[in-house]
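**Student:** Make a model of this:
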Amino acid sequence: MTISLTEENYIKAIFYKSNSNNIGVSTNSLSNHLKNKASSVTDMLKKLADKKLIRYKKYKGVLLTLKGEKIAINIIRKHRLWEVFLMEKLNFSWDQVHDIAEQLEHIKSEELIKRLDSFLGKPTLDPHGDPIPDEKGKFNETKSIPLNECKILKEIIFIGVKNHTISFLKYLTSIGLGIGDKFKIEAINDFDNSYQIKVKKNNLVFISNDLASNILIKIKNE
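**Tutor:** The predicted structure is shown next:
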């Protein structure tokens, strides 16, 4: 069965939109996410349903079938492996790799991806801290919490981001914060729940609660 690039993008979008709660994704939600007209989304969903890649009921949203989910996970695997390659081997920054990987994720050669995975040493995380599914489609999830849920003054480890926008990633780079870095919470402001943290070179940085909600951390030694 041939799956087009556009169909793959829809399948991936449905996976992301439904994965957290396993409830049907609405046409309007997909329309907003993919920036397509609702009528175009409806037409595509019918095509995907005909290929048995989704379960679709009007007014109740869509979920991926097992076949559709397998395709989605494979696309995500390729995307995240390419991000690792682009950053580690071609020296792209972490705010540059996503858009390029969006193009590379549609390459069909499974042998290429198998060799890429081996060449990179079978990485388990992409440059943003997101888990890379293995060849069997299994995600090795890392336990994490958003920084704004941490209310203790301890040293913590930065392990991922919820916000993948270029502006956000560039901001983290500007304050010297990267995946795997250790930093300490020096103070939490009672008024607005903003944070004062100490990062590399003992620099003190103030970040808002909203920004902190997009930084995923784990507490050192836990």
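**Student:** the bottom helix or strand of the protein by mean pLDDT?
**Tutor:** When the helices and strands of the chain are compared on mean pLDDT, DSSP states H and E, strand 54-57 comes out lowest with a mean of 85.
**Student:** Tell me the helices and strands packed up against the helix or strand following that strand.
**Tutor:** Following strand 54-57 in sequence order, the next helix or strand is strand 61-64 (DSSP states H and E). Using 3 or more Cβ pairs under 8 Å, 6 or more residues apart in numbering; DSSP states H and E, the elements in contact with strand 61-64 are helix 5-19, helix 27-34, helix 38-50, strand 54-57. All C-beta spots, glycine's among them, are computed from the backbone N, C-alpha and C.
**Student:** Output the last one as CSV, nothing but the C-alphas.
**Tutor:** Spelled out, it's strand 54-57. Extracted C-alpha coordinates of strand 54-57, given in CSV (Å, rounded to 0.1, in the frame of the first residue of the first chain):
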residue,chain,number,x,y,z
ILE,A,54,-7.9,5.4,10.9
ARG,A,55,-11.3,4.8,12.6
TYR,A,56,-13.4,7.7,11.6
LYS,A,57,-17.0,8.6,12.6
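**Student:** can you give me the strands in the chain?
**Tutor:** Secondary structure of the chain (DSSP state E): strands at 54-57, 61-64, 145-146, 155-161, 182-188, 195-198, 204-207, 215-219.
**Student:** List of residues touching the third one?
**Tutor:** Contacts of strand 145-146 from elsewhere in the structure, counted by Cβ atoms under 8 Å, 6 or more residues apart in numbering, are Lys162, Ala212, Ser213, Asn214, Ile215, Leu216, Ile217, Lys218.
**Student:** pLDDT wise, what is the nearest residue to the first one once chain neighbours are set aside at?
**Tutor:** In space, Lys162 comes closest to Asn214 once its chain neighbours are excluded; the distance is 4.5 Å by Cβ to Cβ, 6 or more residues apart in numbering. The per-residue pLDDT reported for Asn214 equals 96.
**Student:** now swap in Asn19 and tell me
**Tutor:** 68.
**Student:** The chain - how does it break down into domains?
**Tutor:** 5-64, 76-141, 145-219 (automatic domain parsing).
**Student:** Redo these as CSV? Include mean neighbour count.
**Tutor:** Output for the domains of the chain, formatted as CSV (neighbours: other Cβ atoms under 10 Å):
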stretch, mean neighbour count
domain 5-64, 16
domain 76-141, 16
domain 145-219, 15
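**Student:** out of these, nearest to Lys70?
**Tutor:** Of all the domains of the chain, it is domain 76-141 that lies closest to Lys70, at 6.2 Å by Cβ to Cβ.
**Student:** and the angle for the lengthiest helix in the chain with helix 5-19?
**Tutor:** Longest helix in the chain by number of residues (criterion: DSSP state H): helix 66-88. Angle, helix 66-88 to helix 5-19, by axes from the mean of the first three to the mean of the last three Cα atoms, to 10 degrees: 100 degrees.
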